[in-house]
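Visitor: need coordinates for the below:
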Amino acid sequence: MKERKRVIIKESLEDKITGEATYTDDIRMDNLLHGRTLRSTIAHGKILSIHYPPLPSGYYIIDRDDIPQNNVVKIIGEDQPVFSDGIVRYIGEPIALFIGEDRGVLKKLLKETIVEYREVEPILSIPDSLRGGEENLFTEYTLERGDLTSARKRAAYSFKESFETGVQEHVYLEPQSMVAEYTDGEITIWGSIQSFFPVKEAVEYCTGYPVRVIQPSIGGGFGGKEDFPSLIACHAALGAIKSRGPVKIVYDREEDIISTTKRHPSQTSYEIFLDDDLNILGAEVDIKLEAGAYEGLSNLVLELMMAECCGVYRVPALKVVGRTLKTNKLSFGAWRGFGAPQGNFCMETLLDIIAGRLGISSLDLKRRNLVKKGDPTTAGGTYKEDVFLEEMLEEALKRSSYYDKSRKITHTDKNRVRSIGLSFSTLGGGLTGNAEKDFAKSKVRLMKRRDGKVVIYSSIVDIGQGAHITLRKIVAHVLGIPLERIIYAIPDSKNCPDSGPTVASRSILIIGKLLERAAEKLREKLPLPGEFEVVEEYRHPAGYRWEDEKHLGDATISHSFAVNVIEVEIDLISYRIYPIKYWGVYDIGTPIDPKIALGQVQGGVVQGAGYSHMEVMKFDDKGALLQKNLTDYLIPTSKDIFPMEVSFFENRGEHGPMGAKALGELPFIGVAPAILAAVNRAFNCEIKRVPLNPEFLMEVLDEDKVQVK
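Guide: Purely as a prediction, here's the structure:
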């Protein structure tokens, strides 16, 4: 057997602070080759011919003809090819891969390659896709419960409104990156990955070879490293097979932006019915998500958006129709919140608009319809745990002086006005429906070593959210030993069980609970000499039901909540929005590590602010992305961060470790509707979309000749 130089992974907190942590691009190997991808330059068409330049010695081209088994990126569906199947369906689609030792030479080879196409008219919008009928429909789901006909008849008021949300780029610090090595009939993958075992399965399905995946440090993900890494891992693996040596692929920022998944843009309409006392009787919701060229995870994003589209409000009768639609753009995929931000934005804004038309306080309208324990969830399950939204609201109102600030719009100078907005937000923790028990089937393993230290084996990865240290704290707490004696093993598919993907705010709620139970079993044996281990598997809690075909029931086993208040200033000349301060009250159960929890909230709120009014991503009439770099795509910087006052309303959860509930995605969700509420309040208008970038605000406010209140 060929001896392989060991790759040493450093990923501790100390390693990250000192700069010694091993990220994928830090991996060095003998005879390492680099890869660069040949991509489509048109949105839709047939490849007629490819003219490659002569290759220098030691350089290779890999395309679909080099795939040993399946030209498919196996995610949920199987509609996306690893390399173009002869048809290109979006600008940036991979056609081939060049590999060689010099990245500069690879860039030159790409430039000299000529691809001839027969172009087909692309589909570039949701309306265009709808005009194509069922041919452009990936998924259509219906969720229906209660008597909507009766709600219509009994309604004293009805309102119908439409909403729109835009595209968002992840902007993780570390771009997509992967290393693959082929040795003795086995492929080893190192990469920046959130979904550990799905990448292993995807590469095995593509190549037919056994695959081992080892996890280096990861520089952020936010969902962008959930599904897409399966594609780049297949590319690196195919390069390694052909060259019989290690291959590294690291995207630069522009390549990353033009080719990877984004947050789904949406167009959603609501018709809602209220009685004389302004209680919601029912609603009918139509959701259209743009999926892009391939389905990817879009059906799962749609399912969660449907399950969360009524937010924290009691809606006795409901019909939701959701569709994911094909367009000739890059695929849209997982992003922090996974559909919940789009749905929550619509419902919060809808109630704000209704209150304005009725001449009442939006807070009073929302308060009247807040869910309580025992009420149905949007998807028809039940809120089984305690709900303290009223108490959380009171705390947020007091901390922010909301009543005083909402009574009038303040002119801070002749060119700026100050306004305040409020929103509620909620999100369940864990995979939707039956996915935790039927798909993830998570396992963890604890090993007590001879030296008395305890090792955690799990495929949950740390993408900057502090998961590993929090999971170690759970085990240390149960065992009653110092944190320093708990080791989190580098995730390696050769020795760690499949704990499911690092997504859906599930790391602490689901995997933390498994580790808590495993530690309780291990505690009994801890004083004994020798080495032994405990394996714990996921068990779905009793009393939680889900009907896959109807998308009805308990979508998740626990819900977390937040009340968000944000004060903003709007510049009347530049139309820029400046958040001044954020107040948040969060029910995440019992915070295991309040400092890490606070960091998650702060990061999520800043991301949510970017989504609300800064981050604009558009395509031209040929399907090309206009914002290809961080000069054109604006995100919040350190100078855009604003003061935040965050408190945690302790409400011990029933299903998480040490009473914890989910947190990771929740802070993002409520920011955009709160900022829009402040803007609509300032100008007495009814804007119903994000992002609220200056160009859009100027157009809308000037067109409507809106005056400051």
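Visitor: quick one: buried residues of the helix or strand of the chain with the lowest mean pLDDT?
Guide: Using mean pLDDT, DSSP states H and E, helix 13-18 stands out as the lowest-scoring helix or strand of the chain, at a mean of 78. Across helix 13-18, burial judged by 16 or more other CB atoms under 10 Å covers Lys16. In short, each C-beta sits where N, CA and C put it, glycine included.
Visitor: may I have that helix exported as PDB, CA atoms only?
Guide: What follows is helix 13-18, C-alpha atoms only, in PDB (Å, rounded to 0.1, in the frame of the first residue of the first chain):
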ATOM      1  CA  LEU A  13     -10.600  27.900  19.400                       C
ATOM      2  CA  GLU A  14      -7.000  28.700  20.200                       C
ATOM      3  CA  ASP A  15      -5.800  27.600  16.800                       C
ATOM      4  CA  LYS A  16      -8.400  29.900  15.200                       C
ATOM      5  CA  ILE A  17      -7.300  32.900  17.400                       C
ATOM      6  CA  THR A  18      -3.600  32.400  16.600                       C
END
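Visitor: outside of that helix, which residues touch it?
Guide: For helix 13-18, the external contacting residues (CB atoms under 8 Å, 6 or more residues apart in numbering) are Ala21, Thr22, Ser217, Ile469.
Visitor: and those residues, which are buried?
Guide: Neighbour-count burial (16+ other CB under 10 Å) applied to these gives Ala21, Thr22, Ser217, Ile469.
Visitor: surely Val601 touches Phe668?
Guide: No: using CB atoms under 8 Å, Val601 is not in contact with Phe668; the gap is 9.7 Å.
Visitor: count of residues packed around Glu78?
Guide: Glu78 has 13 neighbours, counted by other CB atoms under 10 Å.
Visitor: Val455 too?
Guide: Val455 has 16 neighbours, counted by other CB under 10 Å.
Visitor: before we move on, back to that, now the contacts of helix 13-18 as TSV including distance to Ala43?
Guide: Shown next, in TSV, are these (distance: CB to CB, whole Å):
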residue	distance to Ala43
Ala21	39
Thr22	38
Ser217	36
Ile469	44
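Visitor: check these and tell me the two furthest apart.
Guide: Pairwise distances across those peak at 17.8 Å for Thr22 and Ile469 (criterion: CB to CB).
Visitor: and the next helix or strand past the least confident helix or strand of the chain?
Guide: On the C-terminal side of helix 13-18, the nearest following helix or strand under DSSP states H and E is strand 33-39.
Visitor: contacts for that following strand, please.
Guide: 58, 60, 91-103, 106-107, 109-110, 113, 115, 235-236, 239, 243, 245-250, 255, 258-259.
Visitor: pull out the buried residues from those residues.
Guide: Buried members of those, scored by 16+ other CB under 10 Å, are 60, 91-100, 106, 109, 113, 115, 235-236, 239, 243, 245-250, 255, 258-259.
Visitor: just the ones of those residues in helices?
Guide: Mapping the buried ones among the contacts of strand 33-39 onto helices (DSSP state H) picks out Leu106, Leu109, His235, Ala236, Gly239, Ser243, Glu255, Ile258, Ser259.
Visitor: can you tell me which residues contact the residue nearest to the last one when sequence neighbours are not counted?
Guide: With CB to CB, 6 or more residues apart in numbering as the criterion, Ser259 has its nearest non-adjacent residue at 4.4 Å, and that residue is Gly92. Going by CB under 8 Å, 6+ apart, Gly92 touches Arg39, Ser40, Ile258, Ser259, Leu330, Leu625.
Visitor: for Gly92, give me the pLDDT.
Guide: What the model reports as pLDDT for Gly92 is 99.
Visitor: hang on, Phe338 packs against Val301?
Guide: Yes: with contact defined as CB under 8 Å, Phe338 reaches Val301; the gap is 5.5 Å.
Visitor: anything in contact with each of the two?
Guide: By CB under 8 Å, 6+ apart, Phe338 and Val301 have no common neighbours.
Visitor: re earlier: out of the ones in helices among the buried ones among the contacts of strand 33-39, which is nearest to Val690?
Guide: Set against Val690, the nearest of those by CB to CB is Ile258 (22.7 Å).
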